[in-house]
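Enquirer: From the sequence below, what's the structure:
(one chain, ligands or ions: 1)
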Amino acid sequence: MTRAYLGLGSNLGDRVAHLQAAVDGLAATPGVTVVAVSPVYETDPVGGPPQPEYLNAVVALDTDLTPRGLLEVAHRLESAAGRVRAERWGPRTLDVDVLLVGTEQVDEDDLVVPHPRMRERAFVMVPLGDLDPSLAAGSAPEAGVRRAELELVLPEAQ
Ligand code: GSY
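Expert: Numbering: from 1, shown residues only. Reported below is the predicted structural model:
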């Protein structure tokens with residue numbers, strides 16, 4: 001079993017429902033046990049065209065899936081949320097990023113782990129630091145990231 005961290009983001013539609021559906025979908029995935037879900041943050045969009053604010057969170061899980069297996073799960077969850085890949089960096093119903101998978105390192109065209117831009121993204125590092133402060137030591141300033149008054153539910157029966 002490996003401890004992995006996935007980043008969740010949504011800025012279209014019912015944002016909290018999309019994030020919760022991702023958590024539920026992960027909990028229902030064979031080979032995945034959701035260990036913890038960070039607080040939810042409302043965050044200023046980074047990059048791309050003018051677009052609505054995001055909700056972001058990070059999920060910790062124990063898994064025997066490979067990084068590529070986790071990427072496939074991420075894509076399945078994004079499709080289930082009705083995500084349409086229209087514009088790079090554009091608004092989306094659900095984004096699921098593979099951030100860390102134990103100490104594994106992957107450098108392929110469509111998958112780089114650890115996530116290559118995570119350390120410069122406060123919308124990732126703040127919730128990641130809530131789950132494990134040692135993973136976020138010395139990372140980006142927290143500008144543009146505000147704690148939201150809502151919580152995601154960690155499903156009990158996995
Ligand atoms: O990379 C994830 C999608 N994304 C986000 C995001 O999740 N949050 C914020 N605040 N900005 C973003 N820009 C992109 S692209």
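
Enquirer: make it CA atoms for all contacts and neighbour counts henceforth
Expert: OK.

Enquirer: As a check, name the ranges of all strands in the chain.
Expert: 2-10, 32-37, 41-43, 54-63, 95-101, 106-108, 111-113, 145-147 (DSSP state E).

Enquirer: and the fourth one with strand 2-10, angle?
Expert: Between the axes of strand 54-63 and strand 2-10, defined by axes from the mean of the first three to the mean of the last three CA atoms, to 10 degrees, the angle is 160 degrees.

Enquirer: what packs against strand 54-63?
Expert: strand 2-10, helix 15-27, strand 32-37, strand 41-43, helix 122-131 (3 or more CA pairs under 8 Å, 6 or more residues apart in numbering; DSSP states H and E).

Enquirer: again, only this time at 7 Å
Expert: Under the contact criterion of 3 or more CA pairs under 7 Å, 6 or more residues apart in numbering; DSSP states H and E, strand 54-63 touches strand 2-10, strand 32-37, strand 41-43, helix 122-131.

Enquirer: I'd like the ones you listed written out as TSV, with distance to Gly138 added.
Expert: Converted to TSV, those look like this (distance: least, CA to CA, whole Å):
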stretch	distance to Gly138
strand 2-10	18
strand 32-37	22
strand 41-43	20
helix 122-131	10
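
Enquirer: Let me know which of the ones you listed is the nearest to Leu71.
Expert: Ranking the helices and strands packed on strand 54-63 by proximity to Leu71 (CA to CA) places strand 2-10 first, at 9.7 Å.

Enquirer: okay, that closest one in PDB with CA atoms only?
Expert: Extracted in PDB, the C-alpha atoms of strand 2-10 (Å, rounded to 0.1, in the frame of the first residue of the first chain):
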ATOM      1  CA  THR A   2       1.200   3.500  -0.900                       C
ATOM      2  CA  ARG A   3       0.000   6.800   0.500                       C
ATOM      3  CA  ALA A   4      -1.000   9.000  -2.400                       C
ATOM      4  CA  TYR A   5      -2.400  12.600  -2.600                       C
ATOM      5  CA  LEU A   6      -4.800  13.800  -5.300                       C
ATOM      6  CA  GLY A   7      -5.800  17.400  -5.900                       C
ATOM      7  CA  LEU A   8      -9.500  18.300  -6.600                       C
ATOM      8  CA  GLY A   9     -10.700  21.500  -8.200                       C
ATOM      9  CA  SER A  10     -14.000  22.700  -9.600                       C
END
